[in-house]
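Enquirer: model this:
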Amino acid sequence: EGPVVQAFYSTGTVQPDREFPIKANVAGTITDVRVDKGDAVTEGQPLAVVSEPGLVFAHRQAQAELEEKQKRADPQSSPVLQEYDARIAAGRTQLEIAQRELARIKALMERNAASQTDLDAAAVEAKFGVAPSSIPDYLALVGDSADGFPGLAGWGAKSAAAVLAHYRHLEAIPAAAGQWEVSVRNSPQLAATLAAQRDQALLFRTLATLRADCPVGTVDEWRWRGPTEAFGAMCERLEAPDLAGRARGAFAAAVAREPGRSRGIASLP
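Expert: Have a look, this model is predicted:
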């Protein structure tokens, strides 16, 4: 009695109409699964939590590097720009001090309370940034075309003035830049150059120093009495015979202006 039911049984597999691969954008370890198999999901719904300590560290490191680069790009906090600003400020202060000292000496001279030597010393310091006694040391570092020596490579007017304004002379400059008590750009390179060429710098200083202990005779002995035969021979040896003629012409003009000068004149062939 009742309905007749006919059943059919078979084996097989179910194939989906479409497949959707699911994968994380980053590698790591799944620490939490928030859906079960067969659950319906929506777009944007979190399915699992992926954690990786290495990724966290890399993110923090990248964030720190970004903040450091932002600081360096900021003129208010960049260590390099701050150092340059400090050097410029120190140079301006030194120049202002020298200019004030020069003005003070001029005012004193107007009241006969200072000598020309004081004024000259103040003018030298205002122009070069060092005292007159340090000028030979200054020229030894930066060079002097008039005396024919090049100075030391890398040393310029600003670096030489900054160092010598503090140490005064070459012997007092420490060999290592870390021992310097002044801030100078490229100080390690400058210190290394000075240490390697110190003897040469001392020689340059000797060439730049006006010697006051050499016998030079009297003023009357300095009087030019015209070109000598030795001068003519030297001109021939240098293949510059016109120099002898120019010297004779110059002396003849001097004699015409001052007849007494003809005394002791030497003749040239």
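Enquirer: in the chain, which residue is closest to the centre?
Expert: Geometric centre of the chain, nearest residue: Arg185, 4.3 Å, by Cα atoms, centre = their mean.
Enquirer: just for the stretch 151-269 of the chain, where's the confidence low?
Expert: 259-269 (pLDDT under 70).
Enquirer: mind running it again at 90?
Expert: 182-185, 207-230, 232-233, 236-245, 248-269 (pLDDT under 90).
Enquirer: same check, this time on the stretch 1-150 of the chain
Expert: 1-133, 144-149.
Enquirer: And the helices in it?
Expert: In the stretch 1-150 of the chain, the helices defined using DSSP state H, counting those that start in this stretch lie at 53-73, 79-110, 116-128, 135-142.
Enquirer: returning to that earlier point: the residue nearest to the centre of the chain and Gly156 touch, don't they?
Expert: No. Applying Cβ atoms under 8 Å as the test, Arg185 and Gly156 come out as separate, 9.4 Å apart. Backbone N, C-alpha and C define where each C-beta goes, glycine included.
Enquirer: In this protein, what residue spans correspond to strands?
Expert: All strands of the chain, identified by DSSP state E, fall at 29-33, 48-51.
Enquirer: Any idea how far the first one is from the middle of the chain?
Expert: Okay, so that is strand 29-33. The chain centroid and the centroid of strand 29-33 are separated by 57 Å under Cα atoms, centre = their mean, to the nearest Å.
Enquirer: got the contact list for that strand?
Expert: Residues outside strand 29-33 that contact it (Cβ atoms under 8 Å, 6 or more residues apart in numbering): Leu47, Ala48, Val49, Val50, Ser51, Glu52.
Enquirer: and the end-to-end length of stretch 162-176?
Expert: End-to-end distance for stretch 162-176: 16 Å, by Cα to Cα, to the nearest Å.
Enquirer: again, but for stretch 208-225
Expert: OK, stretch 208-225 end separation, Cα to Cα: 29 Å.
Enquirer: same question, stretch 227-241
Expert: Start-to-end, stretch 227-241 (Cα to Cα) is 13 Å.
Enquirer: got the buried residues for it?
Expert: Neighbour counts over stretch 227-241 (16 or more other Cβ atoms under 10 Å) mark Pro227, Phe231, Gly232, Cys235 as buried.
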